[in-house]
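Novice: got a sequence here, can you model it:
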Amino acid sequence: MHNWGILIPIVAIMAWVANNWIRARHGYPLEEGRRSRRNRHGVDLDADRQVQLLSSENEKLIGQVLRLEERIAVLERIATDPATRLDREIEQLR
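Specialist: Below you'll find the model as predicted:
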(Lines give C-alpha, C1' and ligand atoms only; values in the text may rest on other atoms or scores of the structure.)
Protein backbone atom coordinates (compact mmCIF):
# COMPACT_ATOMS: atom_id res chain seq x y z
CA MET A 1 0.00 0.00 0.00
CA HIS A 2 1.22 3.52 -0.87
CA ASN A 3 1.89 6.10 1.75
CA TRP A 4 -0.80 8.69 0.81
CA GLY A 5 0.47 11.15 3.41
CA ILE A 6 3.63 11.70 1.36
CA LEU A 7 2.20 11.19 -2.14
CA ILE A 8 -0.52 13.87 -1.96
CA PRO A 9 1.81 16.82 -1.10
CA ILE A 10 4.29 15.71 -3.78
CA VAL A 11 1.53 15.63 -6.42
CA ALA A 12 0.27 19.05 -5.26
CA ILE A 13 3.77 20.55 -5.55
CA MET A 14 4.24 19.03 -9.02
CA ALA A 15 0.88 20.46 -10.12
CA TRP A 16 1.85 23.91 -8.79
CA VAL A 17 5.18 23.81 -10.64
CA ALA A 18 3.46 22.69 -13.87
CA ASN A 19 0.84 25.43 -13.53
CA ASN A 20 3.48 28.14 -13.04
CA TRP A 21 5.56 26.81 -15.93
CA ILE A 22 2.54 26.92 -18.28
CA ARG A 23 1.56 30.42 -17.10
CA ALA A 24 5.11 31.74 -17.57
CA ARG A 25 5.42 30.14 -20.99
CA HIS A 26 2.25 31.85 -22.22
CA GLY A 27 3.04 35.24 -20.66
CA TYR A 28 0.53 35.24 -17.81
CA PRO A 29 1.51 36.66 -14.42
CA LEU A 30 2.67 34.01 -12.00
CA GLU A 31 1.00 35.52 -8.95
CA GLU A 32 -2.54 36.40 -9.98
CA GLY A 33 -3.72 38.82 -7.34
CA ARG A 34 -2.88 36.67 -4.34
CA ARG A 35 0.01 38.82 -3.20
CA SER A 36 -0.57 42.23 -4.71
CA ARG A 37 1.82 44.98 -3.72
CA ARG A 38 -0.06 47.00 -1.14
CA ASN A 39 1.16 49.73 1.14
CA ARG A 40 0.37 49.85 4.85
CA HIS A 41 -2.99 51.55 4.17
CA GLY A 42 -4.15 48.74 1.89
CA VAL A 43 -3.82 50.71 -1.35
CA ASP A 44 -2.64 48.65 -4.30
CA LEU A 45 0.57 50.32 -5.51
CA ASP A 46 0.38 48.84 -9.02
CA ALA A 47 -3.17 50.14 -9.51
CA ASP A 48 -2.16 53.56 -8.14
CA ARG A 49 0.76 53.77 -10.59
CA GLN A 50 -1.47 52.69 -13.46
CA VAL A 51 -3.98 55.43 -12.61
CA GLN A 52 -1.17 58.01 -12.66
CA LEU A 53 0.08 56.80 -16.04
CA LEU A 54 -3.42 56.83 -17.53
CA SER A 55 -4.11 60.31 -16.16
CA SER A 56 -0.95 61.74 -17.72
CA GLU A 57 -1.69 60.02 -21.03
CA ASN A 58 -5.24 61.40 -20.90
CA GLU A 59 -3.96 64.96 -20.40
CA LYS A 60 -1.57 64.56 -23.32
CA LEU A 61 -4.34 63.30 -25.59
CA ILE A 62 -6.70 66.10 -24.57
CA GLY A 63 -4.04 68.66 -25.52
CA GLN A 64 -3.50 66.93 -28.84
CA VAL A 65 -7.23 66.92 -29.60
CA LEU A 66 -7.48 70.64 -28.80
CA ARG A 67 -4.62 71.44 -31.18
CA LEU A 68 -6.20 69.32 -33.93
CA GLU A 69 -9.56 71.05 -33.44
CA GLU A 70 -7.86 74.43 -33.91
CA ARG A 71 -6.16 73.25 -37.10
CA ILE A 72 -9.44 71.85 -38.46
CA ALA A 73 -11.15 75.17 -37.77
CA VAL A 74 -8.47 76.99 -39.78
CA LEU A 75 -8.77 74.49 -42.64
CA GLU A 76 -12.57 74.82 -42.64
CA ARG A 77 -12.28 78.61 -42.77
CA ILE A 78 -9.85 78.38 -45.70
CA ALA A 79 -12.09 75.92 -47.56
CA THR A 80 -15.33 77.86 -47.07
CA ASP A 81 -14.17 81.48 -47.38
CA PRO A 82 -14.44 83.15 -50.76
CA ALA A 83 -11.22 83.26 -52.78
CA THR A 84 -11.14 87.06 -52.85
CA ARG A 85 -11.02 87.30 -49.06
CA LEU A 86 -8.24 84.72 -48.90
CA ASP A 87 -6.27 86.59 -51.58
CA ARG A 88 -6.68 89.84 -49.62
CA GLU A 89 -5.41 88.22 -46.39
CA ILE A 90 -2.40 86.74 -48.19
CA GLU A 91 -1.57 90.14 -49.69
CA GLN A 92 -1.79 91.76 -46.23
CA LEU A 93 0.72 89.22 -44.91
CA ARG A 94 3.23 90.12 -47.65
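
Novice: from L68, how far off is L61?
Specialist: Distance of L61 to L68, given as Cβ to Cβ, to the nearest Å: 10 Å. C-betas here are computed from N, CA, C, even on glycine.

Novice: just the strands in this structure please.
Specialist: Read by DSSP state E, the chain holds no strands at all.

Novice: where in it is pLDDT low?
Specialist: Applying pLDDT under 70 to the chain picks out residues 1-2, 29-45.

Novice: name the residues of the longest helix anywhere in the chain that come out as buried.
Specialist: In the chain, with assignment by DSSP state H, the single longest helix is helix 45-80. Neighbour-count burial for helix 45-80, counted by 16 or more other Cβ atoms under 10 Å, picks out no residue.

Novice: centre of the chain versus it, how much separation?
Specialist: In terms of Cα atoms, centre = their mean, to the nearest Å, the centre of helix 45-80 is set 15 Å apart from its chain centre.

Novice: what's the answer for stretch 15-29, then?
Specialist: With Cα atoms, centre = their mean, you get 24 Å for stretch 15-29.

Novice: from here on, count from 51
Specialist: Sure thing, new numbering starts at 51, so read that last one as stretch 65-79.
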